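Student: please find the sequence and the predicted model below.
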Amino acid sequence: MVAVLIVMALTATEVEPRAVVAPAAGDHAAVEAVGLRQLVTLRRVFVDRFSGGETAAQMRDMVISALQSSNLFVITENPEKADATLRGSAEDLVFTDVHTSSDSLNFHTNLSTNKGTDESALRGGTRSDSRSSQSTGLGAGESESMHSQERRHEANATVRLVNKDGDVIWSTTQESMGGKFRGSSADVADKIMKKLVEDYGRAKRMPR
């Protein structure tokens, strides 16, 4: 009887495990925090093919190289061994930037003087007419136009990290017209890596 009472007392004092509460819909900060906490648990990442054509394939290679240099994760070519997959789209557009400008200056003035005298003798039948006219005109005009064309590149990429459950835990969109010492695609890949390193650092500073 005493043993039964002891067992019942221990059962009554047991603490039930705390359930994990999902963030409320629309709570952006809470949703972001959940994703960042998962970010620091990743060990291996697989970079999937990017949509966007041939330039997207080149961008994928640059992103892989940038992520590899960050030393945050092991970049694997085997999706089965990856803790998360990086997916996205990218493109590198080539276009011609056209600049046209026009300046003009015009000056014009006119001066005109008219003078006339009419005299008539009604009885003598004589008539005298005197008229004078003067006109001066001055005009000036100058115009200048400039037209230039410049061939440029603009690259952009949108990527996201997806865990094994299919949940997006991190994403970013980056674009570039090219840096001083690197092309537009390489600059976008570098920006993606820097953003990931920044958010990874934020995640490590978050309370557990």
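Tutor: Received it, and whenever you're ready, just let me know what you need.
Student: distance of Lys164 relative to Thr41?
Tutor: 11 Å (C-beta to C-beta, to the nearest Å). Glycine gets a C-beta too; all of them are placed from N, C-alpha and C.
Student: overlap in contacts of those two?
Tutor: Asp83 (C-beta atoms under 8 Å, 6 or more residues apart in numbering).
Student: could you count how many residues lie near Ser176?
Tutor: Neighbourhood size, Ser176 [other C-beta atoms under 10 Å]: 21.
Student: so it makes contact with Lys191?
Tutor: Yes - here Ser176 reaches Lys191: they are 6.6 Å apart, a contact under C-beta atoms under 8 Å.
Student: helices or strands up against the longest helix along the chain?
Tutor: If you go by DSSP state H, the chain has its longest helix at helix 184-205. Secondary-structure packing of helix 184-205 (3 or more C-beta pairs under 8 Å, 6 or more residues apart in numbering; DSSP states H and E): helix 28-39, helix 54-70, strand 84-120, strand 127-163, strand 168-176.
Student: list the strands paired with the shortest one, with their directions.
Tutor: Paired with strand 168-176 in the same sheet, following DSSP bridges, are strand 127-163 (antiparallel).
Student: OK, contacts around Arg182?
Tutor: Taking C-beta under 8 Å, 6+ apart, one finds Asp190 in contact with Arg182.
Student: helix, strand or coil: sort out it for me.
Tutor: coil (DSSP: H, G, I helix; E, B strand; the rest coil).
Student: next, it: phi, psi?
Tutor: Dihedral pair for Arg182: phi -150, psi 160, per degrees, to the nearest 10.
Student: from memory Arg37 sits against Met206, does it?
Tutor: Yes - here Arg37 reaches Met206: they are 6.5 Å apart, a contact under C-beta under 8 Å.
Student: OK, contacts around the nearest residue to Gln68 once chain neighbours are set aside?
Tutor: Leaving aside its sequence neighbours, Gln68 sits nearest to Ile75 (C-beta to C-beta, 6 or more residues apart in numbering; 5.2 Å). Ile75 is in contact with 44-47, 64, 67-68, counting by C-beta under 8 Å, 6+ apart.
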